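In: The following block contains a protein sequence and its predicted model.
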Amino acid sequence: MSIKNLLLIILIIWGVPSTYFRSKFRKIVYQTSDWKINIQPLFRKELIALFSNIYPENKEYINTRNTYRVYLMIYLILFLVYYFE
């Protein structure tokens, strides 16, 4: 098995929990518990919430945002390593 194939498998496996993290983050950002938030393409507020601090008093938001940031950063690194390998 080549390193490129191994990286692809790791990238796919790492991508599996993305729906959980994104769903949790979006529910906090858009202040809803409706499942339809997961299929709606609402990006602006989500991106602002990811790169800034729209709810500074909400500890759950801050913790979820920071966890989601770390997850996305590792995902980006894995993708870049795969792409440039």
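Out: Cool, got the structure.

In: For this structure, just list every one of the helices.
Out: Counting by DSSP state H, the chain has helices at residues 3-15, 18-29, 44-51, 59-84.

In: Output the contacting helices and strands for the last one.
Out: Other helices and strands packing on helix 59-84, by 3 or more C-beta pairs under 8 Å, 6 or more residues apart in numbering; DSSP states H and E, are helix 3-15, helix 18-29, helix 44-51. (C-beta placed from N, C-alpha, C; glycine too.)

In: which of the residues in that helix are buried?
Out: 61, 64, 65, 68, 71, 75, 78, 82 (16 or more other C-beta atoms under 10 Å).

In: Surely the fourth one touches residue 49?
Out: This points to residue 68. No. The pair residue 68 / residue 49 is not scored as a contact, 9.6 Å apart, by C-beta atoms under 8 Å.

In: who touches both of the two?
Out: Both residue 68 and residue 49 are contacted by residue 25, under the criterion C-beta atoms under 8 Å, 6 or more residues apart in numbering.

In: these two touch, right, residue 37 and residue 30?
Out: Yes. Applying C-beta under 8 Å as the test, residue 37 and residue 30 come out as touching, 5.5 Å apart.

In: circling back: redo the helices of the chain as a markdown table? Include mean pLDDT.
Out: Below are the helices of the chain laid out as a markdown table (pLDDT from 0 to 100):
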| stretch | mean pLDDT |
| --- | --- |
| helix 3-15 | 93 |
| helix 18-29 | 93 |
| helix 44-51 | 94 |
| helix 59-84 | 96 |
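
In: So residue 16 versus residue 10, what's the distance?
Out: Distance, residue 16 to residue 10, by C-beta to C-beta, to the nearest Å: 11 Å.

In: higher neighbour count, those two?
Out: Each of residue 16 and residue 10 has its neighbours counted (other C-beta atoms under 10 Å); residue 10 has more, 13 against 8.
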